[in-house]
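>>> Sequence below, structure please.
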Amino acid sequence: MNYDACACVRVHWPKRPKGTIRREVDTFGYFHVADVPGRMEPGTGELNYGNILRALAEAKYDGIVGFEFSPSGEDDQVLKDVWARIK
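Alright, predicted model coming up:
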């Protein structure tokens, strides 16, 4: 299953997603992320992707995590900035 964190937050995800990740991790075939609001660069909105990625690691998720966003600047610099924000 494609698990779209952005859509889940907007529709029904709790403020603390660790429990949801632990309960549902075995159903994730692909974990899709974008920040809220506006599907912006991870780390620029309301979601703490460092915590979300740690929760995935703690739940032993070993699948693909895809990041959806339109870079707000030069691709190389934006990727470095995103990586720094979500570590």
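>>> who's in contact with the helix or strand containing residue 82?
Using DSSP states H and E, residue 82 sits in helix 75-86. The contact list for helix 75-86, computed with CB atoms under 8 Å, 6 or more residues apart in numbering, reads 41, 42, 43, 44, 49, 50, 53, 67, 69, 71, 72. (Glycine included, C-beta is placed from N, CA and C.)
>>> Helix or strand for the third one, just tell me which one.
Secondary-structure element containing residue 43, defined by DSSP H and E: none, the residue being outside all helices and strands.
>>> What pLDDT is listed against the spatially closest residue to it that is not a sequence neighbour?
For residue 43, ignoring the flanking residues on the chain, the nearest one in space by CB to CB, 6 or more residues apart in numbering is residue 85 at 2.8 Å. Per-residue pLDDT puts residue 85 at 80.
>>> what separates residue 85 from residue 35, distance-wise?
10 Å (CB to CB, to the nearest Å).
>>> Poorly predicted segments of this structure, please.
The model of the chain has pLDDT under 70 over residues 6-16.
>>> Geometric centre of it: which residue is closest?
residue 33 (3.7 Å; CA atoms, centre = their mean).
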